[in-house]
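Q: Quick one: sequence plus predicted model below, questions after.
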Amino acid sequence: MDEFSLYVLDIVNNSTRAGARNIRIFLREEGDDLYFTVEDDGCGMSEEQLARLRDPFFTTRKTRKVGLGVPFLVMLAEMTGGWVKIASKQAAGEGEDHGTKLEAKFGLHHVDFLPLGDLCGTVTTLIQGAPDTDFLYLHTRGEKQVRLDTKELRQVLGDLSLAEPEVLAWIRENLAEQYEQMNQV
Amino acid sequence: MKSIEELMAIKAKMQDKMSVRKAEGETRIVVGMATCGIAAGARPVLNAFVEDIAAEGLTDRVTVTQTGCIGICQYEPVVEVFEKDGQKTTYVKMTAEKAKEVVEKHIKGGKPVVEYTIGAAKL
Ligand SMILES: Nc1ncnc2c1ncn2[C@@H]1O[C@H](COP(=O)(O)OP(=O)(O)O)[C@@H](O)[C@H]1O
Ligand SMILES: [Mg+2]
């Protein structure tokens, strides 16, 4: 994968596939470091699943014998002087909380790091793929930030789906304009 | 800035259209978005379908959705088109340009673009 934004798309897809209703995505730039955090309230993983997650031959999918998403992320993080930490909890009983939190650090200016890429495209693709899930997306760089909360959009849209092409186009442009402001010096 | 007012306007405009939705039965375009698909370029393919179907005014009879791994990683990006009569066409090694052609010739014109299908790729 040649853009960091594609890693974000792939990792957050694990959360939607785990049945999450709420997903929070944080990107935080601090000097030479980029922190990436994903929190979901999906089904979570057992201790055993969690222990094997970095192994590319572990996957619960049926169509293919290798799971590559997390190992790819770990590789990129470690290559750029960072790390990946994952904590997860499966629901023990009815009403118990469950979910997964993935935190990663990357060397933003390391030679092996990638361009951030089309983050707006990643967020719209995530929403298109799971329009009933709520996403909070927050990217901060110093004082500046890009933020999107689908809960707020839903208050305006009522029962109109976030996957409507007109709505997706609005989201994409809104994010692009926020990024333009963030990138102004 | 794309304002909340503009989003409200979209909502108001869509309200009337919603009632006539999906009357004709649906064609479904399904894009594989697992790691292998994403790495091979599925994101721009998906977005090309979403935007083109909307631009051609086909949203009332065509839906675009994402799925996980279809199981033929070496052919990614993979796109499946399901027609209302149950017919399925599998497109392989897709690009945004090919997606536009599929919308034009297959979705609008009714004729699958044979050279982009898995059958052609295997020859
Ligand atoms: N957020 C998550 N919630 C629950 N399970 C997860 C999550 N992320 C990863 N997993 C589990 O770890 C496995 C491996 O993930 P990954 O490396 O991305 O490969 P793949 O998604 O192709 O299976 C998944 O199949 C899933 O069982
Ligand atoms: Mg994955």
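A: Good, I have the coordinates. What you see is a predicted model; the values in this text were computed from it and never measured. Ligands and ions are numbered 1, 2, ... in the order given.

Q: Tell me the spacing between B:Phe49 and B:Gly119.
A: 21 Å (CB to CB, to the nearest Å). No exception for glycine: its C-beta is placed from N, CA and C like everyone else's.

Q: and the two? which has more neighbours close in?
A: B:Phe49 (25 against 13; other CB atoms under 10 Å in any protein chain shown).

Q: what's the helix or strand for that one?
A: helix B:42-55 (DSSP states H and E).

Q: partners of the helix or strand following that helix, with directions?
A: Next helix or strand after helix B:42-55 toward the C-terminus (DSSP H and E): strand B:62-67. Paired neighbours of strand B:62-67 in the sheet (DSSP bridges): strand B:27-32 (parallel).

Q: ok, and for the strand it pairs with, which residues are buried?
A: Burial within strand B:27-32, assessed by neighbour count using 16 or more other CB atoms under 10 Å in any protein chain shown, is assigned to B:27, B:29-32.

Q: so where's chain B shaky on pLDDT?
A: For chain B, the stretches with pLDDT under 70 are B:1, B:17-25, B:123.

Q: near ligand 1, which residues of chain B?
A: B:34-35 (CB under 6 Å from any ligand atom).

Q: In chain B, what residue comes closest to ligand 2?
A: Nearest to ligand 2, among the residues of chain B, is B:Thr35, at 5.4 Å (CB to the ion).

Q: Would you check that that residue makes contact with A:Leu73?
A: No - look at B:Thr35 against A:Leu73 with CB atoms under 8 Å: they stay out of range, at 10.0 Å.

Q: Those two: who's more crowded?
A: Ranked by neighbour count (other CB under 10 Å), B:Thr35 and A:Leu73 place B:Thr35 first, with 30 against 25.

Q: ok, the more buried one - contacts?
A: Contact analysis of B:Thr35 by CB atoms under 8 Å, 6 or more residues apart in numbering or on different chains lists A:10, A:67-69, A:72, B:69.

Q: In a markdown table: those residues, plus secondary structure.
A: As requested, these are exported to a markdown table (DSSP: H, G, I helix; E, B strand; the rest coil):
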| residue | secondary structure |
| --- | --- |
| A:Asp10 | helix |
| A:Gly67 | coil |
| A:Leu68 | coil |
| A:Gly69 | helix |
| A:Phe72 | helix |
| B:Cys69 | coil |
